[in-house]
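Novice: The following comprises the amino acid sequence and a computationally predicted model.
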Amino acid sequence: MKLKNPPVNSLSLEMLTELVINLEKLENDKAVRGLVLTSEYPGIFSAGLDLMEMCGRNPAHYAEYWKALQEFWLKLYQSSLVVVAAINGASPAGGCLMSLICDYRILADNPKYTIGLNETLLGIVAPFWFKDTMVNTIGHRASERALQLGLLFPPAEALQVGLVDQVVPEDKLQSTALSVMAQWLAIPDHARQLTKTMMRKPTVDHLVKQRDADIQNFVSFVSRDSIQKSLQMYLQKLRQKKS
Ligand SMILES: CCCCC/C=C\C/C=C\C/C=C/C(=O)SCCNC(=O)CCNC(=O)[C@H](O)C(C)(C)COP(=O)(O)OP(=O)(O)OC[C@H]1O[C@@H](n2cnc3c(N)ncnc32)[C@H](O)[C@@H]1OP(=O)(O)O
């Protein structure tokens, strides 16, 4: 599946909705057992959540957006398919989250392709289920440091900390993803799927129990004037980068 939402594959409401629909279609297709997730635009895997969905909108929109994000996370994190992320570009914040909920992550070796949950750099806080997903991958201490500092890891460091499973030359990314997929598909589906469910259930249950409260938290947090100002300033900085 190639992510295709120009210019930076941000996770807009529309994109999240389409991703969920496409995942459902693939899961319902008995001929499909695995999925390689990559970007149509080498250089950018995903810029994460769409900042335009979080700026200058009304509370009902924020709630709808957050619910769609939760839905996407729940769908992909619990997917019965083997999901391999072939990360062919920068992967900050929500882009990193999307990689973390796959089963295996391969990052192309390019110093510009950084990955991490950098929310604190924007003056916002990674929600508890982003944090849980990261802790499940790299452990508590490494997550605490990465989250507080909003670290974006270049490939060698991402590999060292365990944020990705493999770093390969850019021209080997797709072939590596296919051979990893073959290895995972050699395991009987039912045993692998039940193991995945068992490993991920506590994290899933944590979000499911708190879903409504989490939406309310997000809406009240993002509606604050101070947060709106931070996000606007951040967007402006991104735009000024060009000039
Ligand atoms: C205690 C209670 C807690 C409750 C929870 C509350 C809050 C938490 C909320 C949310 C968590 C947030 C998660 C996120 O994912 S936020 C998004 C974070 N993303 C980033 O920081 C990435 C920003 N982008 C970049 O760094 C770069 O764009 C890039 C991806 C490295 C690509 O660089 P490049 O130079 O190729 O492109 P440009 O920078 O020129 O960008 C092109 C174009 O795209 C616009 N854009 C970039 N990123 C986003 C984005 N995430 N959303 C929307 N738009 C984006 C950028 O502004 C440019 O636009 P222009 O109009 O100038 O063309």
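Specialist: Received the coordinates, thanks. As the structure is a computational prediction, the values presented were derived from the model and not from experiment.
Novice: Check the secondary structure at L37 for me.
Specialist: Recorded secondary structure, L37: strand (DSSP: H, G, I helix; E, B strand; the rest coil).
Novice: And S230, what's its pLDDT?
Specialist: pLDDT, S230: 89.
Novice: Can you list the buried residues in the host helix or strand of it?
Specialist: Using DSSP states H and E, S230 falls within helix 225-240. For helix 225-240, burial by neighbour count (16 or more other CB atoms under 10 Å) applies to I227, L231, Y234. (Glycine included, C-beta is placed from N, CA and C.)
Novice: Check whether the second one really touches M54, as I assumed.
Specialist: In this case it means L231. Yes - with contact defined as CB atoms under 8 Å, L231 reaches M54; the gap is 6.0 Å.
Novice: Could you name every residue contacting both of those two?
Specialist: V222 (CB atoms under 8 Å, 6 or more residues apart in numbering).
Novice: quick revisit: run through who's touching the helix holding S230.
Specialist: L51, M52, M54, C55, G56, L122, G123, I124, F221, V222.
Novice: Could you confirm whether it reaches the ligand?
Specialist: Yes - under the criterion of CB under 6 Å from any ligand atom, the ligand is reached by helix 225-240 at L235, L238, R239.
Novice: circling back to that earlier point, among the buried residues of helix 225-240, which one lies nearest to Q174?
Specialist: Taking CB to CB as the measure, Q174 lies nearest Y234 of the buried residues of helix 225-240, at 32.9 Å.
Novice: what does this protein have sitting close to the ligand?
Specialist: 7-8, 10, 44, 47-52, 90, 92-94, 118-119, 122, 124-125, 127, 217-218, 221-222, 235, 238-239, 241-242.
Novice: Please indicate which of the residues you listed are buried?
Specialist: The buried subset of the residues of the chain next to the ligand (16+ other CB under 10 Å) comprises 8, 10, 44, 47-51, 90, 92-94, 118-119, 122, 124, 127, 218, 222.
Novice: Any regions of the chain where pLDDT drops low?
Specialist: Residue ranges of the chain with pLDDT under 70: 243.
Novice: wait, what's in contact with the nearest residue to P127 once chain neighbours are set aside?
Specialist: Of all residues not flanking P127 in the chain, D214 sits nearest, at 6.5 Å (CB to CB, 6 or more residues apart in numbering). By CB under 8 Å, 6+ apart, the contact set of D214 is W66, Q70, P127, F128, W129, L207.
Novice: shouldn't the third one be in contact with F218?
Specialist: Okay, so that is P127. Yes - the pair P127 / F218 is scored as a contact, 7.0 Å apart, by CB under 8 Å.
Novice: Quick check: closest non-adjacent residue to the most centrally placed residue in the chain.
Specialist: Among the residues of the chain, the one closest to the centroid is M98, at 1.8 Å (CA atoms, centre = their mean). Nearest residue to M98, sequence neighbours excluded (CB to CB, 6+ apart): S46, at 6.0 Å.
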